[in-house]
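S.K.: I need the structure of the sequence given here:
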Amino acid sequence: MLLIHPNVKQSIQKKIDEIAALLFETLQVRDIGLYTGSSGIALFLFYYARYKKSTVIHQKAVEVVDGLFTQIAAMPTPVFTLCSGIAGVGWMLDHLCQQRFIQANPDEILLDIDEYVYAAVLNELHKGHYDFMHGATGMALYLTKRNCRDYIHHFLKALNSIAVWDGDCAKWQSTVKNEYEEEKTVFSVALSHGSSSLALVLGKILEIMPEEEMAWKLLKGAVAYICSQEISVDKYGCYFPSFSIEYQPKLYKTRLGWCYGDLGTALAIWQSGLRLHNKAWTKKGMEVLIHAANRRGLLDNMVRDAGICHGTSGLAMIFNRLFFSTKQMEFKDAADYWGIETLRMAKFEDGLAGYKVFRMEKYGGWKTSNCLLDGIAGIGLCLLSFITEDDPVWDECFLLS
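M.R.: From the prediction side, this is the model:
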């Protein structure tokens, strides 16, 4: 528990209850996704039901999960991504079993999904698409959670086959969209779509398969490339670009968020340094994380809404995890700051529990969202982690634990 002032805790509890009432009463979703649809909402409802000790809310969450199988069967073209597809559903189901929200044998539920996701991983890598949210790396996180060792071994071989090596550095091409919604093929260090997420997933693979020499090799190469992209913090106010130096001839200060910028990149360097016993990487990662923890202000850090992806609750979530892991007060102070800012973001009369997601006017302007990635399900889970003593292990799906 980080925010312990009684008035703040009461405000958080009230906001969580408001979010839960909306998700309980009106469940309109665009897909099955963990980040973008029913699975993420179910995740919130299960945790909220446990917090409230409510069998009614728990049953509602079970109904949402039961409905997922009908939704999957009705999909004209199956989607397998972690963000919006079957891998995300599988991750959520395995998590619910592990945390004893549901009494089931995950193998009985997920063995067929394992095989389909594995085939999709190879297909994505054949196309050179290693992206975390929408490609092979996110699906590999699911296979790692399921301990599918043979499948993971073949994922590593395919990943190595598309790596671009430059000395000790390994990098992979990523397809992203610019401000005009044009697709560009780039090299990226970002957590959401680039090398940082890959390094964190490779680290998780090594937790269960320390004998995999290919995983060690790729992890060292990925982190070496990430570190090679460091820019002047004195000049730009940040340590790393959103994508990469070679893609961005004009460098600028990057946002503070889960998706892009210093936080995700530093997490990858720090955790990999610990795993590889590389003191220089561990020190650099912590240096960047502490610098990020001392960044304040919405406009200066390009924080415009409250969602996990690029908003205040995502920052609170990350600093909450860092304080939980390190007990360093800089992270507690940052978590408190961004937690309070998350409450202040509930300012829209026509929002969901007061919240909306920022979009530029040419893309439709502010909108409402109930999902995990940028909507109230994610905001609710982040706020819930502030008023309970439990390890917020659900943040594994965002590569924080």
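S.K.: and Ser244, that's in a helix?
M.R.: No: looking at Ser244 with DSSP: H, G, I helix; E, B strand; the rest coil, it is coil, so not inside a helix.
S.K.: mind listing what's buried along stretch 200-218?
M.R.: 200-206, 209, 212, 214-216, 218 (16 or more other Cβ atoms under 10 Å). Bear in mind the C-beta positions are built from the backbone N, C-alpha and C, glycine included.
S.K.: and the strand or helix carrying Ile16, what's its mean pLDDT?
M.R.: Take DSSP states H and E as the rule and Ile16 turns out to sit in helix 6-25. For helix 6-25, mean pLDDT rounds to 91.
S.K.: for whichever helix or strand comes after it, packing partners?
M.R.: Under the assignment DSSP H and E, the closest C-terminal helix or strand after helix 6-25 is helix 38-52. When contacts are defined as 3 or more Cβ pairs under 8 Å, 6 or more residues apart in numbering; DSSP states H and E, helix 38-52 packs onto helix 6-25, helix 55-73, helix 86-98, helix 376-384.
S.K.: those helices: which one's closest to Glu108?
M.R.: Closest approach to Glu108 among those (Cβ to Cβ): helix 86-98, 9.9 Å.
S.K.: what are the buried residues along the closest one?
M.R.: Neighbour-count burial for helix 86-98, counted by 16+ other Cβ under 10 Å, picks out 86-97.
S.K.: how far off helix 38-52 does it point, in degrees?
M.R.: Using axes from the mean of the first three to the mean of the last three Cα atoms, to 10 degrees, the direction of helix 86-98 lies 20 degrees away from that of helix 38-52.
S.K.: and the next element down the chain from helix 86-98?
M.R.: For helix 86-98, the succeeding helix or strand toward the C-terminus, using DSSP H and E, is helix 106-126.
S.K.: circling back: looking at the helices and strands packed on helix 38-52, which is buried most?
M.R.: Of all those, helix 376-384 has the most neighbours on average by mean count of other Cβ atoms under 10 Å, namely a mean of 29.
S.K.: pull the distance from that one to the chain's centre.
M.R.: The chain centroid and the centroid of helix 376-384 are separated by 13 Å, computed with Cα atoms, centre = their mean, to the nearest Å.
S.K.: packing partners for it?
M.R.: Using 3+ Cβ pairs under 8 Å, 6+ apart: helix 376-384 touches helix 6-25, helix 38-52, helix 312-326, helix 329-344.
S.K.: which one of the ones you listed lies closest to Glu389?
M.R.: Among those, if distance is taken as Cβ to Cβ, the winner is helix 312-326, at 10.3 Å.
S.K.: strands of the stretch 151-300 of the chain, start to end?
M.R.: 164-166, 169-171, 173-177, 183-187 (DSSP state E, counting those that start in this stretch).
S.K.: which elements pack onto the last one?
M.R.: Read it as strand 183-187. If contacts are counted by 3+ Cβ pairs under 8 Å, 6+ apart, strand 183-187 sits against strand 173-177.
S.K.: any idea of the mean pLDDT for the strand it packs on?
M.R.: Averaged over strand 173-177, pLDDT sits at 74.
S.K.: now Asp168: closest residue in space, sequence neighbours ignored.
M.R.: Using Cβ to Cβ, 6 or more residues apart in numbering and skipping residues adjacent in sequence, the residue nearest Asp168 is Ala224, 4.7 Å away.
S.K.: Cys382 now?
M.R.: Nearest residue to Cys382, sequence neighbours excluded (Cβ to Cβ, 6+ apart): Ser313, at 3.9 Å.
S.K.: residues near that neighbour, how many?
M.R.: Here the number of neighbours of Ser313 (other Cβ atoms under 10 Å) works out to 31.
S.K.: my guess is it meets Gly378, correct?
M.R.: Yes: counting by Cβ atoms under 8 Å, Ser313 touches Gly378, with 6.3 Å between them.
S.K.: coming back round to it: turn the buried residues of stretch 200-218 into TSV, including pLDDT.
M.R.: Formatted as TSV, these follow (pLDDT from 0 to 100):
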residue	pLDDT
Leu200	98
Val201	98
Leu202	98
Gly203	97
Lys204	97
Ile205	98
Leu206	97
Met209	97
Glu212	97
Met214	97
Ala215	98
Trp216	97
Leu218	98
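S.K.: and which of these is nearest to Cys382?
M.R.: Using Cβ to Cβ, the buried residues of stretch 200-218 come closest to Cys382 at Leu200, 19.2 Å.
S.K.: mind checking how far that closest one is from Gln98?
M.R.: Counting by Cβ to Cβ, to the nearest Å, the separation of Leu200 from Gln98 is 19 Å.
S.K.: returning to what we had before: looking at the helices and strands packed on helix 38-52, which is closest to Phe319?
M.R.: Nearest of these (Cβ to Cβ): helix 376-384, 10.6 Å.
S.K.: can you list contacts of that closest one?
M.R.: Here helix 376-384 makes contact (Cβ atoms under 8 Å, 6 or more residues apart in numbering) with 12, 15-16, 19-20, 22-23, 40-41, 43-44, 47-48, 51, 306-308, 313-314, 316-317, 320, 339, 342-343, 352-353, 355, 369-372, 392, 394.
S.K.: that older thread, just name the most buried of the strands of the stretch 151-300 of the chain.
M.R.: Of the strands of the stretch 151-300 of the chain, strand 169-171 is the most buried (mean count of other Cβ under 10 Å), at a mean of 22.
S.K.: ok, residues contacting stretch 116-129?
M.R.: By Cβ under 8 Å, 6+ apart, stretch 116-129 touches 78, 80, 86-87, 90, 130-131, 135-136, 139-140, 142-143, 148, 151, 154-155, 158-159, 161-162, 172-173, 175.
S.K.: show me which of those are buried.
M.R.: 80, 86-87, 90, 130-131, 135-136, 139-140, 142-143, 148, 151, 155, 158-159, 172, 175.
S.K.: so which of those residues sit within helices?
M.R.: Using DSSP state H, the members of those that fall in helices are 86-87, 90, 136, 139-140, 142-143, 151, 155, 158-159.
S.K.: let's have those residues in CSV, adding pLDDT and distance to Glu361.
M.R.: CSV is the format used below for these (pLDDT from 0 to 100; distance: Cβ to Cβ, whole Å):
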residue, pLDDT, distance to Glu361
Ile86, 97, 35
Ala87, 98, 34
Gly90, 97, 38
Ala136, 97, 34
Met139, 98, 35
Ala140, 98, 37
Tyr142, 98, 37
Leu143, 98, 41
Tyr151, 98, 44
Phe155, 98, 41
Ala158, 97, 41
Leu159, 97, 39
